[in-house]
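>>> Structure of the sequence below:
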Amino acid sequence: MWQKLSKCYPIRLELIPLFMLAFTLYIALSNYTTLPEIIPTHFNGQGTPDDWGSKNTIFLLLGLNIFIYLLFTVLNIAFAVIKDPRSLINMPDKWKAALSSTQIERLRVIMNRYLFALKITIQGLTGYIIYITIEIAWERTTDLGALFYVFILAIFATIGLMLWQILRISKTHSIA
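Sure thing, here's the model as predicted:
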């Protein structure tokens with residue numbers, strides 16, 4: 001299993017999202033006792049808080065962060081070890097049937113790499129939201145800031161690039 005996964009990306013890179021998760025846990029748990037009883041729980045389109053709730057909601061954000069890490073890790077492993085990843089690829093059946101084994105392997109690697117990039121980016125986003133929630137609760141800042149939108153842009157760019165690569169690889173069968 002690890003050999004198949006290491007074809008897609010070096011396993012030691014998994015330390016990056018794992019470190020991000022651990023750091024987010026540290027930030028939230030080390031600051032929990034000093035947080036005010038009411039913290040921001042929702043933000044509007046301008047990034048300012050528009051709903052407030054119990055400081056216990058920080059655990060909901062932590063749970064979301066852990067869930068995202070586990071979900072993307074399972075997806076990475078599934079794409080790496082499944083014998084025929086066609087069943088995990090959402091494209092028309094005619095396209096999937098026409099893919100060669102070389103194209104399938106290229107798709108496996110591309111999708112794993114982009115899913116890994118998404119995992120890192122989303123881990124960064126959720127960690128940043130937890131950090132900024134704490135900062136707003138302590139009245140050190142008033143909104144999510146520009147970095148939030150950079151994360152959102154990075155997520156959409158990663159998804160767009162992944163789709164472009166998938167289409168590029170899957171369409172090569174019509175030329176050959």
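
>>> Give me the number of neighbouring residues for the nearest residue to Ile82 once chain neighbours are set aside.
Nearest residue to Ile82 in three dimensions, chain neighbours excluded: Leu88, at 6.5 Å (C-beta to C-beta, 6 or more residues apart in numbering). Placement of C-beta: from N, CA and C, glycine included. Residue neighbour count, defined by other C-beta atoms under 10 Å, stands at 13 for Leu88.

>>> for Leu88, what are its contacts?
Ala78, Phe79, Ile82, Met111 (C-beta atoms under 8 Å, 6 or more residues apart in numbering).

>>> per-residue confidence for it?
Leu88 is assigned a pLDDT of 80 by the prediction.

>>> Same question for the one 4 residues further on.
Per-residue confidence for Pro92 comes out at a pLDDT of 83.

>>> and it, what are its phi and psi?
phi -60, psi 140 (degrees, to the nearest 10).

>>> Quick one: list the elements packing against the lengthiest helix in the chain.
In the chain, with assignment by DSSP state H, the single longest helix is helix 101-137. Helix 101-137 is packed against helix 2-8, helix 15-32, strand 38-43, helix 57-81, helix 146-175, with contacts defined by 3 or more C-beta pairs under 8 Å, 6 or more residues apart in numbering; DSSP states H and E.

>>> now what about the next helix or strand along the chain from the third one, what contacts it?
Sequence order places strand 49-54 as the next helix or strand after strand 38-43, per DSSP states H and E. Contacts with strand 49-54, where a contact means C-beta under 8 Å, 6+ apart, come from Glu37, Ile38, Ile39, Pro40, Thr41, His42, Phe43, Asn44, Ile136, Asp143.

>>> Of these, which is the nearest to Thr126?
Phe43 (13.2 Å; C-beta to C-beta).

>>> Below-threshold pLDDT in this protein: ranges please.
1-2, 4, 172-176 (pLDDT under 70).

>>> between the helices and strands packed on helix 101-137, which one is nearest to Ile129?
helix 57-81 (6.5 Å).

>>> Now do the buried residues in that closest one.
By 16 or more other C-beta atoms under 10 Å, the buried positions in helix 57-81 come out as 57-58, 61-62, 65, 68-69, 72-73, 75-76, 79-80.

>>> how far does stretch 87-98 stretch from start to finish?
14 Å (C-alpha to C-alpha, to the nearest Å).

>>> can you give me how far that stretch is from the chain middle?
In this view, stretch 87-98 has its centroid 24 Å away from the chain centroid, taken as C-alpha atoms, centre = their mean, to the nearest Å.

>>> same deal with stretch 34-41?
With C-alpha atoms, centre = their mean, you get 26 Å for stretch 34-41.

>>> now do stretch 17-31
Counting by C-alpha atoms, centre = their mean, stretch 17-31 is centred 16 Å from the centre of its parent chain.
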